[in-house]
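In: Got a sequence here, can you model it:
(4 chains)
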Number of protein chains: 2
Amino acid sequence: MLVSVDCIILGFQDKEINVLIVKRKFNPLKGGRSLMGGFVRKDESLNEAVARVVAGYTGVENVYMEQVGAYGEVNRDPGGRVVSVVYYALIDMHQFDEQLKDRHNTEWVNVKNVGPLILDHRQFLDDALRHLRIQSATHPVGFNLLPEQFTLPQLQSLYEAIYAHELDKRNFRKKVLDMGVLEKLDKKDKSSSKRGAFYYKFNKEKYDYMVKNGVDISFI
Amino acid sequence: MLVSVDCIILGFQDKEINVLIVKRKFNPLKGGRSLMGGFVRKDESLNEAVARVVAGYTGVENVYMEQVGAYGEVNRDPGGRVVSVVYYALIDMHQFDEQLKDRHNTEWVNVKNVGPLILDHRQFLDDALRHLRIQSATHPVGFNLLPEQFTLPQLQSLYEAIYAHELDKRNFRKKVLDMGVLEKLDKKDKSSSKRGAFYYKFNKEKYDYMVKNGVDISFI
DNA sequence: TTATTTAAGTGTATATATGACACTTCTGTG
DNA sequence: CACAGAAGTGTCATATATACACTTAAATAA
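Out: Sure thing, here's the model as predicted:
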């Protein structure tokens, strides 16, 4: 039996969550739109296979990934019996290697406007996004979609994109700042306003310390 | 590459969550304690493989199952390269076929006192229980561990077992009754008190209707 | 028949969390 | 120096969660 991994590579830009899609130039399923996948080699773990695939398509190493699940219907792939293990990977789109876009014929698509995908890839994407929503409500996974330094308006629009609904600015800021895991920097991002918004960064050590000591944290 | 399913079969009895364990009579790993597993056949889906394994060890068909995840470290099984997909199954222990216990050399063990298990099965169990806790907080999965008719004290002790901490009787009853998905029957269980406790049953139709209409329900 | 025992069943008050809501401040540009 | 536009800030009302102790039903024993 063949085992493959399929990767939902997600990035965040212009207040939208985007997914990297391949437009297939060759058979099988030439012309179809597909997620990135690959067969798992005998000498690599599932995680290693995902890291290999993601690095190959994006140039990003040490990517943050979460497993969505294994899909094993008998006829899910007409090409043969393949069990697919689906992961999503969250990358900072600034680290994406643009040159690989042409080489592999990929494009970033807003998750709100993804058209049809081959096989059961649409299902994979929907399940991954559901998983991401659940995960980001209780774990600090969203930061993997942002640069190390980000502003609160950016962070808010990220959560608004993940949950597909707007949040109240004051309540949002109160909540994330009260958690005590954001570090305010003495520097502003002036790209989106004259006044500028202060940069923050996520303090992972503090977060881990709080989790270890049973402080329960919920994001949004 | 081989694909196997491993099943964490859980049951509830005497206020405790129990897991079915095999004491292996034959090699490989003779004498070890193990979860129920089996290789996925070419003509069956993952779910079908789990259903086959669970029915074989318990006699219970149409079992409720949830996938925990796929485990694919290269050397997780010294016998060869095997990707294992882990599921947990929740059964009503009254439906368990006791005859199969001797046939397969299995036993029910309180999850609080499970000793060492072979390979990475301990990890599987821990991950499954974590999954169960998360799942039962927001979905009515616990009922699969109870007979169709159950009392509120039973239901409460089930949740206490799942979360491994005690709950306030009044708050618990208020919460589950206010949800409006339990149907009170005109019948009492007198096995654990002179007064007897009323039987209830879970109204799945009502629950599904509420979910469909966006009423958000949280169990505990 | 009455007293005793044991678990089932019930309500309120307080604390905490959530959600709604509008104005001021900063700073670059015209 | 006025204007524009996004960043930043606090309070009050409501909903939810939590803490807490007595009464009731019914079998059994006296």
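In: If I follow the layout properly, A:His131 ends up in contact with A:Val86?
Out: No: counting by Cβ atoms under 8 Å, A:His131 sits too far from A:Val86 to count as a contact (9.3 Å). All C-beta spots, glycine's among them, are computed from the backbone N, C-alpha and C.
In: out of these two, which sits in the more crowded spot?
Out: A:Val86 (27 against 19; other Cβ atoms under 10 Å in any protein chain shown).
In: SS state for the residue nearest to that one when sequence neighbours are not counted?
Out: Excluding the flanking residues, the one nearest A:Val86 by Cβ to Cβ, 6 or more residues apart in numbering or on different chains is A:Val68, at 4.2 Å. Following DSSP: H, G, I helix; E, B strand; the rest coil, A:Val68 is assigned to strand.
In: Can you point out the buried residues in the helix or strand where A:His131 lies?
Out: Taking DSSP states H and E as the criterion, A:His131 maps to helix A:121-138. For helix A:121-138, burial by neighbour count (16 or more other Cβ atoms under 10 Å in any protein chain shown) applies to A:His121, A:Phe124, A:Leu125, A:Asp127, A:Ala128, A:Leu129, A:His131, A:Leu132, A:Gln135, A:Ser136.
In: repeat for stretch A:166-182
Out: Applying 16+ other Cβ under 10 Å to stretch A:166-182 flags A:Phe172, A:Arg173, A:Val176, A:Met179, A:Val181, A:Leu182 as buried.
In: Out of those residues, which sit inside strands?
Out: Taking DSSP state E, the ones among those that sit in strands are A:Leu182.
In: Next, count neighbours for the nearest residue to A:Gln99 once chain neighbours are set aside.
Out: Using Cβ to Cβ, 6+ apart and skipping residues adjacent in sequence, the residue nearest A:Gln99 is A:Gly59, 7.9 Å away. Look at A:Gly59: counted by other Cβ under 10 Å, it has 14 neighbours.
In: Spatially central, which residue of chain A would that be?
Out: Central residue check for chain A by Cα atoms, centre = their mean: the C-alpha nearest the mean position is that of A:Leu90, 2.8 Å away.
In: right, and it touches A:Leu10 too?
Out: Yes: using Cβ under 8 Å, A:Leu90 is in contact with A:Leu10, at 5.4 Å.
In: Check which residues of the helix or strand bottoming out on mean pLDDT in chain A are buried.
Out: Within chain A, no helix or strand scores below helix A:204-212, which has a mean of 93 by mean pLDDT, DSSP states H and E. Using 16+ other Cβ under 10 Å as the test for burial, helix A:204-212 gives A:Tyr207, A:Met210.
In: Report the distance from that helix to the chain centre.
Out: Relative to the centre of its chain, helix A:204-212 is centred 22 Å away, using Cα atoms, centre = their mean, to the nearest Å.
In: what helices or strands is that helix leaning on?
Out: Of the remaining helices and strands, none touches helix A:204-212 by 3 or more Cβ pairs under 8 Å, 6 or more residues apart in numbering or on different chains; DSSP states H and E.
In: That helix and DNA strand C, are they touching?
Out: No: using Cβ under 7 Å from any atom of the strand, helix A:204-212 never reaches DNA strand C; the gap is at least 13.7 Å.
In: where does chain A come near chain B, residue by residue?
Out: By Cβ under 8 Å from any Cβ of the partner chain, the part of chain A that sits against chain B consists of A:1-3, A:40, A:42-47, A:49, A:67, A:69-74, A:81, A:83, A:85.
In: The residues you listed: which ones sit near DNA strand C?
Out: Among the residues of chain A next to chain B, no residue lies close to DNA strand C (Cβ under 7 Å from any atom of the strand).
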